[in-house]
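A.B. asks: what would the 3D arrangement of this be:
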Amino acid sequence: MYHVTDGVFIHFAHHVRGHLGPCISLHGHTWLFEVTLGAKELDSQGFVIDFDELHAKVLNPCHQLLDHSLAVGEETFQEIGEALVPVGEKLVASRDAVHGHCGERQAGFSAGESLAGARNEWPGQIKLAVFPFTPTSERLAEWLAHFTDDLVGDERVRVVKARVVETLHPTESAAEYIVT
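C.D. replies: All right, here's what the predicted structure looks like:
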């Protein structure tokens, strides 16, 4: 069995709904999203999958969805989305105070676009990534595995595991979802 692993670093914050510890607060990480694919046979080019294809179909869209966002679950978004509008407006208005204009909205998905059930919302023009679950490392790893399998898995290639690292230093804290 051949295995390939590739990943992407993404900077974003999250909130863990109902957490009994400090993760109840908004806090950020430099995350690493990794996916491992396996195949018994290589394709005609000698690949399990071309890394460029894996980036284009899976890793780059994950980056677009999450980069410099606040990731929350749907239930949390329903409770706080409207309250974030004036906060977002004030934060974005600081551009006008500093630069004399509000600049461009950062990259992300437009209204109506989604990525495997996750979407961007823009309260007051700040970027949120809204998931149908509370975005813990474990749930994000499972989401990444299923999303990857839906896009690139076939009779030859299968997802072996997805790994989400939320802390790199001083030690690595990671969650894995292994496909059985």
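
A.B. asks: from now on I want contacts and neighbour counts done on CA atoms only, so please keep to that.
C.D. replies: Fine.

A.B. asks: which residues of this structure fall in strands?
C.D. replies: For the chain, the strands defined by DSSP state E occupy 2-14, 27-39, 70-73, 119-121, 128-131, 157-167, 173-178.

A.B. asks: now His11. Nearest residue, chain neighbours left out?
C.D. replies: Thr30 (4.5 Å; CA to CA, 6 or more residues apart in numbering).

A.B. asks: hmm, who's touching stretch 48-67?
C.D. replies: Stretch 48-67 is touched from outside by 2-4, 6-12, 33, 37-39, 41-43, 107-109, 115, 119-120, 128-129, 147-148, 151-152, 157, with contacts defined as CA atoms under 8 Å, 6 or more residues apart in numbering.

A.B. asks: buried residues, it. List them.
C.D. replies: Buried residues in stretch 48-67, defined by neighbour count with 16 or more other CA atoms under 10 Å: 48-49, 54-55, 58-67.

A.B. asks: quick revisit: comparing the strands of the chain, which comes out most buried?
C.D. replies: strand 128-131 (a mean of 26; mean count of other CA atoms under 10 Å).

A.B. asks: for it, name the packing helices and strands.
C.D. replies: Counting contacts by 3 or more CA pairs under 8 Å, 6 or more residues apart in numbering; DSSP states H and E, strand 128-131 packs against helix 60-66, strand 70-73, helix 74-99, strand 119-121.

A.B. asks: how far away from the center of its chain is that strand?
C.D. replies: Taking CA atoms, centre = their mean, to the nearest Å, the mean C-alpha location of strand 128-131 is offset from the chain mean by 9 Å.

A.B. asks: what lines up beside it in the sheet?
C.D. replies: strand 70-73 (parallel), strand 119-121 (antiparallel) (DSSP bridges).

A.B. asks: kindly export the first one (C-alpha atoms) in CSV.
C.D. replies: C-alpha atoms of strand 70-73 as CSV (Å, rounded to 0.1, in the frame of the first residue of the first chain):
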residue,chain,number,x,y,z
LEU,A,70,-13.5,32.7,13.8
ALA,A,71,-14.8,29.2,13.6
VAL,A,72,-18.0,28.4,15.4
GLY,A,73,-20.8,25.9,15.3
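
A.B. asks: other residues contacting it?
C.D. replies: Residues outside strand 70-73 that contact it (CA under 8 Å, 6+ apart): 12-17, 26, 127-135.

A.B. asks: the last one now?
C.D. replies: Applying CA under 8 Å, 6+ apart, the set of residues contacting strand 119-121 from outside is Leu65, Gly108, Phe109, Ser110, Ala111, Glu113, Ser114, Lys127, Leu128, Ala129, Val130, Phe131.
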